[in-house]
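Dropping a prediction and its sequence here:
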Amino acid sequence: MACLCWVPFHDDQVTLAACELKSNWEGETAIRWLLRSGNHRPNQSFSGPGEFSQRLALKDFRAALAIDEPKLYVDKSGRAKGVTFYRMSTVGYTPIRLGHVTWYSSGTGSSDGVVYLRPHEAIIECWIRFKIGWVGDRVSAALTGHRAPSAIVKFEYAIDGSGRVAIRVFGSSVPSHSIYVDWRSQEDGYCMEKHCTMASFRAFLEVGECRDAPMSHVYSRTREHACLRSSSEP
């Protein structure tokens, strides 16, 4: 599974669908600044991690997080002995548009993960926290009076001995989160234009410099027949 974090690009409120952000376009400098520094909409699907990485090379995203090829190792009695997986996390960029020229300001952040091994399952938790780079941060402070907090996205990926997988994704109200399962975008991912209320936007904005923005549950899915491998050794 994977997640691309991005801000929808709108240079004018006319292109925004009816939503609370559009209703507050004129009165909120922070909304105009954020959406004018937005990204193009991500792909609906990828052929695999290679194409996903190629998309990141365009610098047109805020952050990316992915878990690939998770395998649970169990003994003959079905007890979980270990888990392997590949994790990728990358802090993205903030597009700063100057006429016909776009400069991609590199963001900052950190990422980590932990595995909880239980008798019959493993839970993989991984997360990335990220914010705009120093140039965009200072521009934001000058225009809106607020230094940017750290946005967050976190995965909880549980796999048990039967091959059942439960996925939960948590994220901050800014930015949007395109969520991919088997490298296909999930329609019920989190989109700022549809889901971000002014209350949640202001809560994000007012957290303060470098502090973690509030998170909420944005996606869940359970599926059977996940990648499972039996072995007496992990």
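Cool, got the structure.

For residue 143, give me the backbone phi and psi.
Dihedral pair for residue 143: phi -90, psi -30, per degrees, to the nearest 10.

where do the strands sit along this structure?
Assigned by DSSP state E, the chain shows strands spanning 2-6, 63-74, 80-91, 93-98, 101-106, 108-118, 121-131, 151-160, 165-172, 176-181, 184-185, 215-223, 228-230.

could you say what helices and strands the fifth one packs with?
It refers to strand 101-106. On a contact count with 3 or more C-beta pairs under 8 Å, 6 or more residues apart in numbering; DSSP states H and E, strand 101-106 meets strand 93-98. Yep, even glycine has a C-beta here, placed from its N, CA and C like the rest.

Now do the strand it packs on: everything it contacts.
Strand 93-98 is contacted by residues 9, 36-39, 59-62, 102-107, 132-133, 135-136, 139 when judged by C-beta atoms under 8 Å, 6 or more residues apart in numbering.

go with 10 Å
Identification of contacts with strand 93-98 by C-beta atoms under 10 Å, 6 or more residues apart in numbering yields 7, 9, 11, 34, 36-40, 56, 58-63, 102-107, 131-133, 135-137, 139-140, 148.

who's in contact with the closest residue to residue 214 other than its chain neighbours?
In this structure, residue 214 finds its nearest non-sequential neighbour in residue 203, 5.8 Å apart by C-beta to C-beta, 6 or more residues apart in numbering. Taking C-beta under 10 Å, 6+ apart, we find residue 203 in contact with 149, 172, 173, 174, 197, 213, 214.

Hmm, the fourth one is touching residue 205, no?
Yes: proximity of residue 174 to residue 205 meets the contact threshold set by C-beta atoms under 10 Å, at 8.0 Å.

what residues are shared contacts of those two?
In terms of C-beta under 10 Å, 6+ apart, residue 174 and residue 205 are both contacted by the residues 30, 34, 148, 149, 213.

Buried ones among those?
With burial judged by 16 or more other C-beta atoms under 10 Å, the buried subset of these is 30, 34, 148, 149, 213.

Pick out whichever of the residues you listed sits closest to residue 88.
Nearest to residue 88 out of these is residue 213 (C-beta to C-beta; 22.1 Å).
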